[in-house]
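1. Predicted coordinates and the sequence they were generated for:
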Amino acid sequence: MTKAIVQQETGGPEVMKWQDVEVGKPGAGEVRVRHTAVGLNFIDVYFRTGLYPADLPLTTGMEAAGVIEELGSGVTGFKVGDRIAYAGRPIGAYSEARVMPADILIKIPENIDDRTAAAMMLQGMTTEYLLQRTYHVKRGDTILFHAAAGGVGLFACQWARHIGATVIGTVGSDEKAELAKAHGCTHTINYRTEDFSERVKEITEGKGVPVVYDAIGKDTFEKSLDCLSPRGLMVSFGNSSGPVKGFDLALLGAKGSLYITRPSLMTYTAKREDLEKSAGDLIKLVSSGAIKVNIGQTYPLSEARKAHEDLEGRKTTGSTVFTV
């Protein structure tokens, strides 16, 4: 019998249970995948708690690597035995095996191992669209990236360094500052001991930055606006500290005719050609060594509760992978 993490209700990490599940046969356009490693991302918390609604009972998880066990009718471009990875809907990656659409799968080259593949797809492709498409970061740009020692943050520091941009990164400890610097972050700000908006003004000599990337949410949102140069772009792509509520749009005008966007990976990879381009760019940089995937911690999939507790407690660094 196949096992998976299943929750019958929304709530804290304790609602996730390791139990037997039935995995059916793939239908048209589908494949059955046997997972070898599963990625943990903060969006999993949003689904677990009900911040992002989903039908119950629920198996969360949006990223994994594995091997194709069976093909449904009409599937082309893949064969049984192919090593694949994916990131995106439908959710359900916290499982030993699952049936899923073939059109979100990406083949993984032999030089990338399964744990690396499971750790890189969601955070890496998120970095690709944030730095290349939401705002096109160019050589010479200075950007602010919150949670620079987190999973997406470490990808972003390396990708921006590869481009030739300067990264100002916020972190929560001296240890995380060192980690971010080791991955290409030029200036680190410990938000627990420093006012990050004032430090950004100092670093940029009062000019501010053209773009702020913020996955923290309510705790950093308004001060992030103060870090932007006139007509700068606020990219709010997560809310680990809670959602931003009751925002007055007039502030955007008062603070310099600013722009704001709330992007998602699912939109930026909705078309197969966009998915292949995003994944292809990521795989090239990982394969070349320009980006090194930092797996800060691993847990057995059966211990998802512990992993979620550590993630929400800000005890993790880099990417987190479940072994299956």
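-> Thanks, I have the structure now. Numbering: from 1, shown residues only.
2. Could you use CA atoms for every contact and neighbour count after this?
-> OK.
3. Tell me which residues touch Tyr213, please.
-> Counting by C-alpha atoms under 8 Å, 6 or more residues apart in numbering, Tyr213 touches Ile143, Leu144, Phe145, His146, Met234, Val235, Ser236, Phe237.
4. From the residues you listed, which land in helices?
-> When these are checked against helices (DSSP state H), there are no matches.
5. so of these, which ones are in strands?
-> Judged by DSSP state E, strands contain the following of the contacts of Tyr213: Ile143, Leu144, Phe145, Met234, Val235, Ser236.
6. so the third one bridges to which residues?
-> I take that to be Phe145. Here Phe145 sits in beta bridges with Gly169, Tyr213, as judged by DSSP bridges.
7. What's the local residue count around it?
-> Phe145: 26 surrounding residues under other C-alpha atoms under 10 Å.
8. Check the contact between it and Val171; I expect there is one.
-> No: applying C-alpha atoms under 8 Å as the test, Phe145 and Val171 come out as separate, 9.5 Å apart.
9. Quick one: the helices in this protein, in order.
-> Under DSSP H, the chain gives helices at 42-49, 114-129, 151-163, 174-182, 196-203, 221-225, 250-254, 265-268, 272-288, 304-312.
10. Need those in TSV (columns: distance to Ile5, mean neighbour count and mean pLDDT).
-> Below are the helices of the chain laid out as TSV (distance: least, C-alpha to C-alpha, whole Å; neighbours: other C-alpha atoms under 10 Å; pLDDT from 0 to 100):
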stretch	distance to Ile5	mean neighbour count	mean pLDDT
helix 42-49	11	20	94
helix 114-129	17	26	96
helix 151-163	22	25	95
helix 174-182	30	18	95
helix 196-203	38	18	97
helix 221-225	33	19	94
helix 250-254	42	12	95
helix 265-268	23	16	95
helix 272-288	27	16	97
helix 304-312	8	18	96
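11. hang on, the earlier thing: between the contacts of Tyr213, which is closest to Val209?
-> Comparing the contacts of Tyr213 against Val209 with C-alpha to C-alpha places Ile143 closest, at 5.6 Å.
12. what sits against that closest one?
-> Ala165, Thr166, Val167, Ile168, Val209, Pro210, Val211, Val212, Tyr213.
13. I'd like those residues written out as CSV, with pLDDT added.
-> Converted to CSV, the contacts of Ile143 look like this (pLDDT from 0 to 100):
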residue, pLDDT
Ala165, 98
Thr166, 98
Val167, 98
Ile168, 98
Val209, 98
Pro210, 98
Val211, 98
Val212, 98
Tyr213, 98
